[in-house]
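Q: give me a model of this one.
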Amino acid sequence: MNTTQIRCFLTVAKLLSFTEAAKALFMAQPALSKQIAMIEQELDMQLFDRTRRYVRLTPQGEILYHELQNIVKLTTAAINKARSIGIEQGGTLSVCVTSDELPKEYMPEVISVFMSSHANVQLDISVQETAALREGLSKGVYDLAVAMDFEIAGIEHLEIRKLAEQRRDFVISRRHPLAKMDHITIGDLTNELFISVDNEELKPAIEKLEEEFNRAGYKPKGLMNAPNVDTMHMWAAAGHGVALVDVKRNAWMKDLVHVIKLPIDTSSSLVAAWRKNNQNPYIQVFLNQLVDTLPPFEGDA
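A: Numbers count the residues shown, from 1 in each chain. From the prediction side, this is the model:
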């Protein structure tokens, strides 16, 4: 049983869902199922009871889950101890952070704690738009990038860790007649314009969203492209159409828009990414501080 298989087993055991575990591990579900099957075959024991309604650990699986958690903790501690040998000598760390709203409320604390505990390290940190972030990460300009998953899609040879999830809600102005309805369906929105953003850097996210729309059978009357995200928010609040907004991080909109619950996956993930061949020991130090600062994320293995 290798480290990848151990991580797969622990994630499924924690979430008790192959679907959610595959998302957390950035794997296809069939590939994850194959890894679990290989473990069960190697150990000659069944680790999960699986039906269409639930996934549960068997008694053997329960024991293995708790024991492997302890082993992973000891292994992580040993690796960090080994890394710390060279850390006290000082060094540099270059970090690039997405301009998205999600990390902004946590990053200042992470930077402050890191710098106070590692005064001998030169920390170069900047906020960049997607294009600059992708280029810098690809070319090794940045040791670590904190970005939305769609911003780094397609970049090869990366280690990726999922940090937090962001869900945007469908919103419509409270002044709109639909906002007075008790229940709004996809069909009710087909006569409304969908407000998007005319931004090449957001193209991967928009394409992913269009796939979800098609899967759910949602076909808006038309698209209305705003020049930037702030304008999209303003148009939605003013009643120009339907938009996707993270209302939690745009508190000024709460009294201006009505949130619509639809069966469409509008989530994206904040991730940390670094090149596999980058041996900078401060990557894990900074990442650990970031994980400790962010709210608990149950998809984190």
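Q: can you identify each of the helices in the stretch 201-301 of the chain by residue range?
A: Here the stretch 201-301 of the chain has its helices, by DSSP state H, counting those that start in this stretch, at 203-216, 229-238, 282-293.
Q: for those, which has the smallest mean pLDDT value?
A: Here those differ in mean pLDDT, and the lowest is helix 203-216 at a mean of 79.
Q: and stretch 282-296, how far out from the chain middle?
A: 14 Å (C-alpha atoms, centre = their mean, to the nearest Å).
Q: dump it to PDB, keeping only the CA atoms.
A: Taking C-alpha atoms only, stretch 282-296 is exported to PDB below (Å, rounded to 0.1, in the frame of the first residue of the first chain):
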ATOM      1  CA  TYR A 282       9.200  27.100   3.400                       C
ATOM      2  CA  ILE A 283       6.400  26.100   1.100                       C
ATOM      3  CA  GLN A 284       5.100  23.600   3.600                       C
ATOM      4  CA  VAL A 285       5.700  25.900   6.500                       C
ATOM      5  CA  PHE A 286       3.600  28.700   4.900                       C
ATOM      6  CA  LEU A 287       1.000  26.200   3.700                       C
ATOM      7  CA  ASN A 288       0.600  24.700   7.200                       C
ATOM      8  CA  GLN A 289       0.100  28.200   8.600                       C
ATOM      9  CA  LEU A 290      -2.500  28.900   5.900                       C
ATOM     10  CA  VAL A 291      -4.400  25.700   6.600                       C
ATOM     11  CA  ASP A 292      -4.400  26.500  10.300                       C
ATOM     12  CA  THR A 293      -5.900  30.000   9.600                       C
ATOM     13  CA  LEU A 294      -8.600  29.000   7.200                       C
ATOM     14  CA  PRO A 295     -12.000  27.800   8.500                       C
ATOM     15  CA  PRO A 296     -12.100  24.000   8.800                       C
END
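Q: now render the helices of the stretch 201-301 of the chain as TSV, adding distance to residue 182 and mean neighbour count.
A: Yep, even glycine has a C-beta here, placed from its N, CA and C like the rest. Listed next are the helices of the stretch 201-301 of the chain as TSV, based on distance: least, C-beta to C-beta, whole Å; neighbours: other C-beta atoms under 10 Å:
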stretch	distance to residue 182	mean neighbour count
helix 203-216	21	15
helix 229-238	21	18
helix 282-293	40	18
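Q: what comes up buried for stretch 248-261?
A: Residues of stretch 248-261 classed as buried by neighbour count (16 or more other C-beta atoms under 10 Å): 250, 253, 256-258, 260.
Q: widest-spaced pair of the residues you listed?
A: Greatest spacing in these, by C-beta to C-beta: 250 and 260 (15.7 Å).
Q: before we move on, what SS does residue 116 have?
A: The three-state assignment at residue 116 reads helix, by DSSP: H, G, I helix; E, B strand; the rest coil.
Q: for burial, what's the neighbour tally of it?
A: 8 (other C-beta atoms under 10 Å).
Q: walk me through the domains of the chain.
A: 3-83, 88-165+268-293, 169-265 (automatic domain parsing).
Q: next one: the second one to chain centre, how far?
A: Averaged C-alpha coordinates place domain 88-165+268-293 at 13 Å from its chain's average position (C-alpha atoms, centre = their mean).
Q: got the contact list for residue 97?
A: 103, 107, 125-128, 145-147 (C-beta atoms under 8 Å, 6 or more residues apart in numbering).
Q: now it: which helix or strand?
A: strand 91-98 (DSSP states H and E).
Q: next, the angle helix 282-293 makes with that strand.
A: Angle between the axes of strand 91-98 and helix 282-293 is 50 degrees (criterion: axes from the mean of the first three to the mean of the last three C-alpha atoms, to 10 degrees).
Q: relative to strand 91-98, what are the paired strands and their orientations?
A: strand 121-128 (parallel), strand 144-148 (parallel) (DSSP bridges).
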